[in-house]
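Participant: What follows is a predicted protein model with its sequence.
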Amino acid sequence: MDLRILCYKGRGSFLLGSSPNRNRLLPRPANGDHHHSSRKSPKKITSSSSPVPSHRVTVHDRQRGVVHHFVVPEDQYILHTAEAQNISLPFACRHGCCTSCAVRIKSGQIKQPEALGISAELKSKGYALLCVGFPSSDIEVETQDEDEVYWLQFGRYFARGPIEKDDYALELAMGDE
């Protein structure tokens, strides 16, 4: 059984379950029924509606040492479109709340109103989240190490630097002491 959950401010829904579209953002059903449909609705372009602009996206995946090139419509999340084209990019939460899919924008612009996982300060320095990012132009981005982004965002709150692994504390916690 599939469960469709309305999310992302009415732009679509998230499908949980066993169908091929599970764990994907699906378009909002045309009939307004957000809770019972489990099939992806095709987009219909009529003569009165103009097609949505698409933009070329280049992702330099530093962790895997590869460069991906693909096209993303302005109204689609970059991560979801990449996955639909069998392109594997880093991610975790898919909701803009962590920094697993964080990138540094080298050129172009990404609209990301739901990116709660990074501060306004980091956004202004060119960081973005692919899971909730929409291309506003052709873009070139570079994946980031999640720990680096976390440190940039919260490091000033840790006066003594990064937290070091404490083997003794781990032994106590595991009952090995």
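Facilitator: Perfect, thanks for sending it. Owing to the predicted nature of the structure, the values given are computational and were not obtained by experimental measurement.
Participant: domain assignment for this protein?
Facilitator: 1-41, 54-157 (automatic domain parsing).
Participant: quick one: the helices in this structure?
Facilitator: Secondary structure of the chain (DSSP state H): helices at 78-84, 120-124, 146-154, 167-174.
Participant: Dump these into CSV; add mean pLDDT as well.
Facilitator: Shown next, in CSV, are those (pLDDT from 0 to 100):
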stretch, mean pLDDT
helix 78-84, 97
helix 120-124, 94
helix 146-154, 88
helix 167-174, 70
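Participant: do you know which of these lies nearest residue 62?
Facilitator: When the helices of the chain are ranked by proximity to residue 62, the top entry is helix 146-154, at 10.2 Å, counting by CB to CB. In this view, the C-beta of every residue, glycine as well, is placed from N, C-alpha and C.
Participant: ok, and for the closest one, which residues are buried?
Facilitator: By neighbour count with 16 or more other CB atoms under 10 Å, helix 146-154 contains the buried residues 146, 149-150, 152-153.
Participant: same deal with stretch 101-114?
Facilitator: By neighbour count on 16+ other CB under 10 Å, the buried set for stretch 101-114 is 101-105, 108-110, 112, 114.
Participant: Nearest to residue 88 among those?
Facilitator: Once CB to CB is applied, the member of these that ends up nearest residue 88 is residue 101, at 11.6 Å.
Participant: Can you name the residues that contact that closest one?
Facilitator: Residues near residue 101 by CB atoms under 8 Å, 6 or more residues apart in numbering: 79, 89-92, 129-131, 143.
Participant: Distance check, it against residue 51.
Facilitator: 27 Å (CB to CB, to the nearest Å).
Participant: Kindly reformat the buried residues of helix 146-154 as TSV containing distance to residue 65.
Facilitator: Output for the buried residues of helix 146-154, formatted as TSV (distance: CB to CB, whole Å):
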residue	distance to residue 65
146	17
149	19
150	22
152	23
153	25
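Participant: wait, which of those is closest to residue 84?
Facilitator: Distance to residue 84, by CB to CB, is smallest for residue 146 among the buried residues of helix 146-154, at 23.5 Å.
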